[in-house]
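[1] Model the structure of this input:
(one chain, ligands or ions: 2)
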Amino acid sequence: MAQGELKSSVLNRKRNPKSPVASRSSKRQKIAEHRKSLPIASEEEHLIKAVQKNDILIIVGETGSGKTTQLPQFLFNAGFCREGKMVGITQPRRIAALTIAKRVAEECDVPLGQKVGYAVRFDDTTSSSTRLKYMTDGFLLREALVDRLLSRYSVIIIDEAHERTVHTDVLLALLKKVQRERISPLKLIIMSASLDARVFCDYYGGAKDFHVEGRQFDVDIFYTVHPETDYVDAALNTIFQIHSEEEEGDILVFLTGQEEIESVERLVQEKLQHLPEDERKLLPLAIFSALPSEQQMRVFAPAPIGSRKVVLATNIAETSITIPGIRYVVDSGVVKARTYDPNKGMETLDVVPVSKAQAIQRSGRAGREGYGKSFHLYPERDFWKLEDSTKPEIKRCNLSNVILQLKALGIDDIVGFDFIDKPSRSAIVKALAELHLLGALTDDCKLAKPAGEQMARLPLKPVYSRALILANQFNCLEEMLITVAMLSARTSRNHFVSVEGDHLTYLSVYRDEAKAEKNMRKWCKDNFVNSRSLKHARDIYRQIRGNVEQMGFNVSSCGDDMLEYRKCLAASFFLKAAQRQMDGTYRALESGEIVHIHPSSVLFRSKPECVIFDELMQTSQKYINNLTRIDPLWLAESALIITKQMSDFNASCLNTTSVLSLV
Ligand code: CDP
Ligand code: MG
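    Numbers count the residues shown, from 1 in each chain. Ligands and ions are numbered 1, 2, ... in the order given. Coordinates of the predicted model:
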């Protein structure tokens, strides 16, 4: 029926082109109808009453019922944004913050960045007139560093709380404290797609929960008979089987990441070429976090009449965003998960089975607008073997960043902090020790002044912040700003190979492009560099340059003296040094792990004796990447400092009462 409506409006437009005013008003009407049709629409009054009555409210509701897009608008209408106050809504993922803010701005018929805006790291579209602010959980946490009581907000909504990202967990605890300390009232709303709200109700001392009735249609669930050896291949076959055998309706396929999604997109296109003309009407669309923002909104638009969309997504489409029109779900049964081993100081990015909760969520996406079908690419017996839910991120990540932020917020007793799930003791000790070695903490585990404060204020990993502080002393701040911006933006660099390593290569890419600025697009194309990442790197550079200038740093350059710059890199990344072994492998000095240079590094072939690296990742092997050749003697100097610092740290910091209980 929806397609019938669309058809007639297209025909209309052809015969009698509508004036912009008319089409705008029809768009407005469509949006109004859509809003009215959402399950949450009939709950507006109840919800507002519940918020007025309760300072903490846990809202649980089926995905797609309108929680994220509608509730902030209800609050605005009920007067929660009077006197310049804001409603803040946090999302674990930046792409959700972006796409939802755009949608809500459209619903409110305002330009993005005025009444409705989003703010994520390195990209803040909000202005003084913003009242509904969508942001990442990490962004709000950082905001608390400057405005401890988050005084501009009347309501804070922690959305997607079931995802239990480390920033969400820290916010859940921090906001409890902020709410107690604030003079002006702060309403706290926790929203979750998981029906099990008990964990949040209990955490807030029996807080009230509110269930939004969803509209879930039946979904037929299918499993494979035998395990699939290649889920990408199986996904591809399933897509085409649905396309040829099933009635109209779009397909949503859950895959693990950008590369896989892009390769499936290509394979779908290729396969389509071999089909007869009338069966080619299948439109593959990708959605993943690194997708450029102008392409993100494409998945939300309806497929052209007579054709079918196949949306290739990461787990972002599980609960954070709802794509209209989906009737068929294909679940690979896997997800990419990051885990951190504090003992080895190593991050692992593995493709792992989803949890039962995720598999059920994925199926549910097929039954939002009508009866649907869900195809799992694994046997039913494997479903029953899945974990019930995913382990909270705080139990499997490097804590140095959040601990530094907590310290900067004046929370000294990390072990005694009121976490909803406590991180492991060894992970806390490891992070404290790392921050101490980086000079962010004093011997007795207090925030070092000014270095620790400066590091907390920069929106970067502590090791990058430290590199900037050191670069200020080595007179190569300009070069280090570029390096950090490039590392944060992840740019390809094939054609600017510097024999000294990846960091210098990044530097020359950035600088050469700057010379060619006028013709940036052409230059990027000629040199096989991704112009979007470079543009992103330039934005990041500008922002962090602003940050360090505010801290009173003078941005100076070492000119052609790359020796100084490399020495500064060695001093900054001394915790991440690796030395070549007899057999050509490397030993990471801190953890003792045997590692390999990643094939994408410019040093992959030359294999220098000693390097510092940015990343240590386990994929098929343990790889180090983003390297620079250094002189091992430079490390000896750092090693002396480390040994001294370690002894001071052990002697005093680890003996303080709270940390003592850990060891
Ligand atoms: O938060 P919850 O999962 O309850 O739902 P929501 O994100 O507020 O989405 C409500 C509706 O808005 C869904 O039907 C989405 O399809 C629609 N939506 C959209 O059409 N375009 C967007 N960019 C975002 C949401
Ligand atoms: Mg939502």
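
[2] Quick one: residues contacting the closest residue to ligand 1 within the stretch 351-500 of the chain.
    For the stretch 351-500 of the chain and ligand 1, the shortest gap (C-beta to the nearest ligand atom) falls at residue 368, measuring 7.0 Å. For glycine as for every other residue, the C-beta is placed from the backbone atoms N, C-alpha and C. By C-beta atoms under 8 Å, 6 or more residues apart in numbering, the contact set of residue 368 is 63, 64, 215, 216, 217, 322, 326.

[3] neighbour-wise, which of those leads?
    Using other C-beta atoms under 10 Å as the neighbour criterion, residue 64 leads those with 26 neighbours.

[4] how about it, secondary structure?
    coil (DSSP: H, G, I helix; E, B strand; the rest coil).

[5] measure the nearest residue to it once chain neighbours are set aside to residue 61 for me?
    Closest residue to residue 64 apart from its sequence neighbours, by C-beta to C-beta, 6 or more residues apart in numbering: residue 322 at 4.0 Å. Residue 322 sits 12 Å away from residue 61, going by C-beta to C-beta, to the nearest Å.

[6] Please apply the same query to residue 208.
    15 Å.

[7] tell me which parts of the stretch 251-400 of the chain are close to ligand 1?
    With C-beta under 6 Å from any ligand atom as the criterion, the stretch 251-400 of the chain meets ligand 1 at residues 300, 322, 324.

[8] Among the residues you listed, which one sits closest to residue 606?
    Using C-beta to C-beta, residue 300 comes nearest to residue 606 of those, at 47.2 Å.

[9] what's around the closest one, how many residues?
    Quick note: residue 300 (other C-beta under 10 Å) scores 17 neighbours.

[10] Residue 68: how many residues sit nearby?
    27.

[11] Look through the chain and state the residue closest to ligand 2.
    Nearest residue of the chain to ligand 2, counting by C-beta to the ion: residue 68, 3.2 Å away.

[12] How about residue 95: what's its closest non-neighbour residue?
    Here the residue nearest residue 95, using C-beta to C-beta, 6+ apart, is residue 289, at 4.8 Å.

[13] The one you found: what's it in contact with?
    Residue 289 makes contact with 93, 94, 95, 314, 316, according to C-beta under 8 Å, 6+ apart.

[14] Using CSV, lay out those together with secondary structure.
    Shown next, in CSV, are the contacts of residue 289 (three-state DSSP):
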residue, secondary structure
93, coil
94, helix
95, helix
314, coil
316, helix
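
[15] Show me how the protein divides into domains.
    2-212, 219-393, 400-647 (automatic domain parsing).

[16] Worst mean pLDDT across the helices and strands of the protein, which element?
    None of the helices or strands of the chain scores lower by mean pLDDT, DSSP states H and E than helix 2-15, at a mean of 33.

[17] which SS state does the residue nearest to residue 95 fall under?
    Once three-state DSSP is applied, residue 289 turns out coil.

[18] Let me know the pLDDT of it.
    Listed pLDDT for residue 289 reads 84.

[19] Distance of it relative to residue 313?
    In terms of C-beta to C-beta, residue 289 sits 11 Å off from residue 313.

[20] same thing with residue 125?
    Separation of residue 125 from residue 313 (C-beta to C-beta): 24 Å.

[21] got it, and residue 100?
    Taking C-beta to C-beta, one finds residue 100 at 15 Å from residue 313.

[22] Would you enumerate the residues in contact with the closest residue to residue 336 other than its chain neighbours?
    Ranked by C-beta to C-beta, 6+ apart and with sequence neighbours excluded, the top spatial neighbour of residue 336 is residue 256, at 4.4 Å. Residues in contact with residue 256, defined by C-beta under 8 Å, 6+ apart, are 314, 332, 334, 335, 336, 351.

[23] follow-up on the earlier one: assumed the residue nearest to residue 64 was part of a strand.
    No - Residue 322 is assigned coil when assessed by three-state DSSP, not a strand.

[24] And the residue nearest the centre of the protein?
    residue 93 (4.3 Å; C-alpha atoms, centre = their mean).

[25] Starting from residue 158, give me the distance back to it.
    Residue 93 sits 14 Å away from residue 158, going by C-beta to C-beta.

[26] Could you list the contact residues of this structure toward ligand 2?
    By the rule C-beta under 5 Å from the ion, the part of the chain lying against ligand 2 is 67, 68.

[27] Okay, now the unreliable bits of the chain?
    1-22, 195, 490-497, 518, 527-529, 639-663 (pLDDT under 70).

[28] For it, which residues are neighbours of ligand 1?
    So the chain meets ligand 1 at 38, 61, 63-70, 99-100, 103, 300, 322, 324 (C-beta under 6 Å from any ligand atom).

[29] Recalculate using a threshold of 8 Å.
    34, 38, 40, 61-71, 99-100, 102-103, 106, 159, 191, 193, 212, 214, 297, 300, 319-324, 368 (C-beta under 8 Å from any ligand atom).

[30] Among those residues, name the buried ones.
    38, 40, 61-71, 99-100, 102-103, 106, 159, 191, 193, 212, 214, 300, 319-323, 368 (16 or more other C-beta atoms under 10 Å).

[31] which residues touch stretch 43-54?
    Identification of contacts with stretch 43-54 by C-beta under 8 Å, 6+ apart yields 40, 57, 59, 70-71, 74-75, 78, 80, 155, 187, 189, 207-208, 210, 212-213.

[32] Show me what counts as buried in it.
    For stretch 43-54, by 16+ other C-beta under 10 Å, it's 43, 44, 47, 48, 50, 51, 54.

[33] can you redo those as a markdown table with secondary structure?
    A markdown table is the format used below for these (three-state DSSP):
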| residue | secondary structure |
| --- | --- |
| 43 | helix |
| 44 | helix |
| 47 | helix |
| 48 | helix |
| 50 | helix |
| 51 | helix |
| 54 | coil |
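
[34] Grab the nearest non-local neighbour of the residue of the stretch 501-650 of the chain found nearest ligand 1.
    As assessed by C-beta to the nearest ligand atom, ligand 1 sits closest to residue 532 within the stretch 501-650 of the chain, at 21.3 Å. For residue 532, ignoring the flanking residues on the chain, the nearest one in space by C-beta to C-beta, 6+ apart is residue 292 at 5.6 Å.

[35] One more: residue 41?
    Nearest residue to residue 41, sequence neighbours excluded (C-beta to C-beta, 6+ apart): residue 35, at 6.3 Å.

[36] Report the contact partners of that neighbour.
    Taking C-beta under 8 Å, 6+ apart as the criterion, residue 35 is in contact with 41, 66, 70, 107.

[37] can you give me the strands for the stretch 301-450 of the chain?
    Taking DSSP state E, counting those that start in this stretch as the test, the strands found in the stretch 301-450 of the chain are 308-313, 326-331, 334-341, 346-353, 372-376.

[38] looking at the ones you listed, which is buried most?
    strand 326-331 (a mean of 26; mean count of other C-beta atoms under 10 Å).

[39] and that strand, what does it pack onto?
    helix 231-245, strand 250-254, helix 356-364, strand 372-376 (3 or more C-beta pairs under 8 Å, 6 or more residues apart in numbering; DSSP states H and E).

[40] Point out the most buried one among those.
    strand 250-254 (a mean of 26).

[41] That one to strand 308-313, inter-axis angle?
    20 degrees (axes from the mean of the first three to the mean of the last three C-alpha atoms, to 10 degrees).

[42] quick one, helices of the stretch 101-250 of the chain?
    137-146, 166-181, 198-203, 231-245 (DSSP state H, counting those that start in this stretch).

[43] Any idea which of those gets closest to residue 427?
    Between residue 427 and these, the tightest spacing by C-beta to C-beta is seen for helix 166-181, at 10.8 Å.

[44] what's the closest one in contact with?
    55-56, 90, 92, 136-138, 140-141, 144, 148-150, 156, 158, 160-161, 186, 188, 190, 200, 203-204, 392-394, 397, 399, 402, 405-406, 409, 417-421.

[45] tell me how far stretch 256-270 is from the chain's mean position?
    Computed by C-alpha atoms, centre = their mean, to the nearest Å, the chain-centroid distance of stretch 256-270 equals 21 Å.
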